[in-house]
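1. the following comprises the amino acid sequence and a computationally predicted model.
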Amino acid sequence: MCKVIAIASQKGGTAKSTTCRNLATVLKNMKYKVLVVDCDNQANLTDCFGIESPDKLEVTLYHLMERVIMDEDLPRKENYIITKENIDVLPASILLSDIEIKLVSAMSREYILKTIINEIKEDYDFILLDAMPSLGLMTLNVLATCDTVLIPATPEYLSAKGLELLLKTIFKIKKRINKRIDFEGILLTMFDERTKLAQEMLEMIENSYGSHIKVFGTKIPKSVKVGEANARSKSIIDYMPTNKAATAYQIFAKELLSKELI
């Protein structure tokens, strides 16, 4: 059975796309069939997989959502899925910026993305949705589609504070739109355990949310090599397997999967 995980953060710069990229690689290496869906108009995840000039692609997520809104049939899967390193990618482009306007007047606007995912989910073990850092209609579609939400957060005050609004939104969606949605947990990224601020923010997050949302024991450490890997359209696992962040992502994936095995 396929599990759909949204990777969401109300604040940008939390390593959301990087986490999606590397988690997909680890899951693929564990022999799972994985699809990643870039739901962000910045198309950072698309770029992380080395898909160049996405605005020139004939079919991206924007075109699929537009077809659903217009009540048109979707194209064959092979016409829009791009396979990179044995990971399937549904790319985004800057065109996705326009979808928010079209969603405003769309019928059943919260479920446009879900219609697309339901067409293909049986082919996968995991589908990772990389949400945009906002709480607009596109993110609402992501949260209406997923089974669980993974929330990356950096050990900074504004990042920790931004969790509150995102969590309130998810609780509202659970009540009104997607009753099955659950929290995968909060993942600390770009974590430097040597700094007092990082420890204070970790304590703040655990005290504020840890009683009802899992805060993963694994922390993804800050490393310049992660940025180098992204620039070369590689996962840190493939770019530098011995790097501390590569090791952390592999441990994190096992921690995340441990819930599935209970």
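-> Nice, I can see it. All figures in this text were calculated on a predicted structure; none of them were measured in a lab.
2. mind listing what the residue nearest to residue 235 when sequence neighbours are not counted touches?
-> With C-beta to C-beta, 6 or more residues apart in numbering as the criterion, residue 235 has its nearest non-adjacent residue at 3.9 Å, and that residue is residue 25. From N, CA and C alone the C-beta is placed, and that goes for glycine too. By C-beta atoms under 8 Å, 6 or more residues apart in numbering, residue 25 lies in contact with 85, 87, 235, 237-238, 249.
3. show me where the protein has its helices.
-> 16-29, 44-48, 61-69, 99-104, 112-120, 137-145, 157-176, 196-209, 224-231, 236-239, 244-258 (DSSP state H).
4. let's have those in TSV, adding mean pLDDT.
-> TSV is the format used below for the helices of the chain (pLDDT from 0 to 100):
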stretch	mean pLDDT
helix 16-29	98
helix 44-48	96
helix 61-69	97
helix 99-104	93
helix 112-120	98
helix 137-145	96
helix 157-176	86
helix 196-209	89
helix 224-231	96
helix 236-239	97
helix 244-258	97
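5. show me how to select, in PyMOL, the buried members of the contacts of residue 25.
-> Of these, the buried ones go into a single PyMOL selection, burial set by 16 or more other C-beta atoms under 10 Å:
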select buried, resi 87+235+237+249
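6. just put the contacts of residue 25 in a markdown table and tack on distance to residue 109.
-> Putting the contacts of residue 25 into a markdown table (distance: C-beta to C-beta, whole Å) gives the following:
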| residue | distance to residue 109 |
| --- | --- |
| 85 | 34 |
| 87 | 29 |
| 235 | 34 |
| 237 | 37 |
| 238 | 38 |
| 249 | 34 |
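7. from the contacts of residue 25, pick the one nearest residue 189.
-> residue 249 (9.9 Å; C-beta to C-beta).
8. give me the spatial nearest neighbour of the closest one, chain neighbours excluded.
-> residue 22 is the one closest to residue 249 (C-beta to C-beta, 6+ apart), at 4.3 Å.
9. now swap in residue 55 and tell me
-> Of all residues not flanking residue 55 in the chain, residue 93 sits nearest, at 4.4 Å (C-beta to C-beta, 6+ apart).
10. shouldn't residue 26 be in contact with residue 237?
-> Yes. Residue 26 is in contact with residue 237 according to C-beta atoms under 8 Å; the separation is 6.3 Å.
11. identify the contacts common to the two.
-> Looking at what touches both residue 26 and residue 237 (by C-beta under 8 Å, 6+ apart), the common residues are 249-250.
12. mind listing what residue 21 touches?
-> Applying C-beta under 8 Å, 6+ apart to residue 21 gives the contacts 36, 45, 48-49, 230, 235.
13. got those residues as TSV, with distance to residue 205 columns?
-> Converted to TSV, the contacts of residue 21 look like this (distance: C-beta to C-beta, whole Å):
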residue	distance to residue 205
36	26
45	25
48	26
49	30
230	25
235	26
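14. those: which two are farthest apart?
-> The farthest-apart pair in those, when distances are taken by C-beta to C-beta, is 36 and 230, at 14.2 Å.
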